[in-house]
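[1] Below: sequence and its predicted model.
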Amino acid sequence: MNKKLFNLNLNIDHRKKDSIHKQIIDQMKEIISHQSFNQVLELESIESISKQNHIDSKEIKQAFNDLIQEGYLIYTNQTYFINRIHLYHDFYGSIVSLYDAIKYTGYDVSMKVMDYKILSKSQQDKLNLNMFKQVLFVRKLYLANEMPIILLDAYYDAKYFDQPLKFDFEHNAIFKYLEDTHHIKMDNSKRLIEVITPPKDIQKILSNPLDSATICVKAHTYQGNELIEYGCGYASINYSIYLKTVIKP
Amino acid sequence: MYYIQIDKSIRKSYVQQIVTSIEQAIYDKILKDQDQLPTVSEISSFFEISDIAVRMAYQDLQKKNLIHSIKGKGTFVSLRPYRTIPLKTFYDQKHYLLDSTDSFFRRWLYTNKEKDAHLLIKLHATLNGFPIYHQKIKFYRNNLDQVKSLLTEHIHIRDFFIRLNHGEEIVIDNLFSPKSADLLDVSLLQIKVKDPVHKIVTKVYNKNHEQIAEVETLMPAKYISFEVLL
């Protein structure tokens, strides 16, 4: 990752009418909006920022937490980063797939397979996926400029794979494999868009603050009436959905 | 458990008796939202009836969306309605929520700072007595007199924007983003701190891409989700 330590110069006026908290937030937003987009910028520790700028470290911490909630900063491995990856996904526009949505923004996109396995009966029951005899689970992580952006858990009926655990998930698209070998055309899909607070392990992978809310998209993809794939995508906090409509009288 | 009554002498199934007594308790407001119900074995041993009857009664109530159970925690009363809204019809359809809302409250305030003169309207809608959305609508430009006159009529927000734009088409940008509830959201939406919230910022433009209004909608995400059909 191309990292750079960012030197923060805040200009806080104690005589001003605005609170220090508000001054920090306003100035940080101003600074962040002027940064270029090709680097991951790491902030110094709160202690050193507080020493340099003569501000109480509690004030800085509070302001930073608010900036994380608004998506301006990311906190991961006890370090604050300036976050400039904002992803807007238009479900009804030209950008339908998630991959396109990331690419379209001009970020450097990559995908990592984090886990794949056949689920046990009890795990399968928990997910209500009993229409499948055996469930193949694949967990993928999408990164934009090396920042985690979406964690995708996908579940398939294992009957379509000869040796499910030997499939090369890294380099082969499962959709294409199913189409080529089993002539499956997934022709309808239902998606549910929720806002949830994901489990701790998922928040950690996505570098989200532990109790932050994120968008979660649950997808059921069918061929006719037969369920082929169930997917659950957890987004990082800076993922939003964009929808444009024209209303005619 | 006093609100559950089982009379073994009458010709009515135990399942039916448990269901009606819990329904009655909810109706009489003895049981409130999120109250915990006794466990299946507690009821069955107290009344000396079989587990199956109690379990069937709970299943019945669950189907009616009156209770829900959380694994390892217990069974709870859930009076708040859960609904899914088609994403595409957000602002595109008349009365998408208003039809079913039971209270509707508006309040308006003027802000007259030199740069940012606007009219702010707050809408608050509830369903079954629970908040379902809270909206803040900001109107820009110099049509505040028109806004004021339109406000006296009871019209849907979609028609409101079109009439404000002299009956011409409007362009709407919606941005759906996640939010953790802060103290203000807690009081507005009757949820807990850090509960997930849908935050939808809507910008309304006319044909020439001049902004007419901005709407911020907050919805309790535990009770509302959006559906997309592709």
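    Arrived safely, thanks for sending.
[2] Residue numbers of chain B in contact with chain A?
    B:84, B:87-88, B:90-92, B:158, B:161-162, B:167-180, B:194-198, B:221, B:225-230 (CB under 8 Å from any CB of the partner chain). C-beta coordinates here come from the backbone N, C-alpha and C atoms, glycine included.
[3] If we use 6 Å, what do you get?
    B:92, B:162, B:167, B:169-180, B:194, B:196, B:198, B:221, B:225-230 (CB under 6 Å from any CB of the partner chain).
[4] taking those residues one by one, which sit in strands?
    B:170-180, B:196, B:198, B:225-229 (DSSP state E).
[5] Nearest residue to the middle of chain B?
    By CA atoms, centre = their mean, the mean C-alpha position of chain B lies nearest to B:Ile132, the distance being 2.3 Å.
[6] which other helices and strands contact the one helix or strand A:Ile215 maps to?
    Under DSSP states H and E, the secondary-structure element containing A:Ile215 is strand A:214-223. Here strand A:214-223 touches strand A:188-196, strand A:226-235, going by 3 or more CB pairs under 6 Å, 6 or more residues apart in numbering or on different chains; DSSP states H and E.
[7] hey, which of these is tucked in deepest?
    Greatest average neighbour count among the helices and strands packed on strand A:214-223 goes to strand A:226-235 (a mean of 20), per mean count of other CB atoms under 10 Å in any protein chain shown.
[8] Following that one in sequence, what is the next regular element?
    Following strand A:226-235 toward the C-terminus (DSSP H and E): strand A:239-247.
[9] Could I get the buried residue list for stretch B:66-85?
    For stretch B:66-85, the neighbour count (16 or more other CB atoms under 10 Å in any protein chain shown) marks B:66-67, B:69, B:75, B:77-80, B:85 as buried.
[10] Now tell me what touches it from outside.
    For stretch B:66-85, the surrounding residues in contact (CB atoms under 6 Å, 6 or more residues apart in numbering or on different chains) are B:31, B:33-37, B:61, B:127-128, B:130, B:223, B:225-227.
[11] As a check, name the ranges of all helices in chain A.
    A:20-33, A:46-53, A:57-69, A:98-104, A:121-126, A:174-182, A:200-205 (DSSP state H).
[12] can the ones you listed go into JSON lines with extra columns for mean pLDDT and mean neighbour count?
    Converted to JSON lines, those look like this (pLDDT from 0 to 100; neighbours: other CB atoms under 10 Å in any protein chain shown):
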{"stretch": "helix A:20-33", "mean pLDDT": "85", "mean neighbour count": "16"}
{"stretch": "helix A:46-53", "mean pLDDT": "86", "mean neighbour count": "15"}
{"stretch": "helix A:57-69", "mean pLDDT": "86", "mean neighbour count": "17"}
{"stretch": "helix A:98-104", "mean pLDDT": "69", "mean neighbour count": "18"}
{"stretch": "helix A:121-126", "mean pLDDT": "83", "mean neighbour count": "12"}
{"stretch": "helix A:174-182", "mean pLDDT": "86", "mean neighbour count": "14"}
{"stretch": "helix A:200-205", "mean pLDDT": "91", "mean neighbour count": "15"}
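[13] Quick check: which ranges of the chain have low pLDDT?
    Because you didn't say which chain, this covers chain A. A:1-5, A:35-40, A:76-77, A:84-86, A:92-101, A:103-106 (pLDDT under 70).
[14] look at chain B instead
    B:91-117, B:141-144, B:150-156.
[15] per-domain residue ranges of chain A.
    What automatic domain parsing lists as the domains of chain A is A:3-82, A:87-241.
[16] Same question for chain B.
    B:14-77, B:83-227.
[17] Any chance of TSV for these, columns distance to A:Asp153?
    Shown next, in TSV, are these (distance: least, CB to CB, whole Å):
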stretch	distance to A:Asp153
domain B:14-77	19
domain B:83-227	18
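[18] closest one to A:Ile102 among these?
    domain B:83-227 (16.8 Å; CB to CB).
[19] Any idea how far apart the tips of the closest one sit?
    10 Å (CA to CA, to the nearest Å).
[20] Off-centre distance for that domain?
    On the basis of CA atoms, centre = their mean, to the nearest Å, domain B:83-227 sits 14 Å off its chain's mean C-alpha point.
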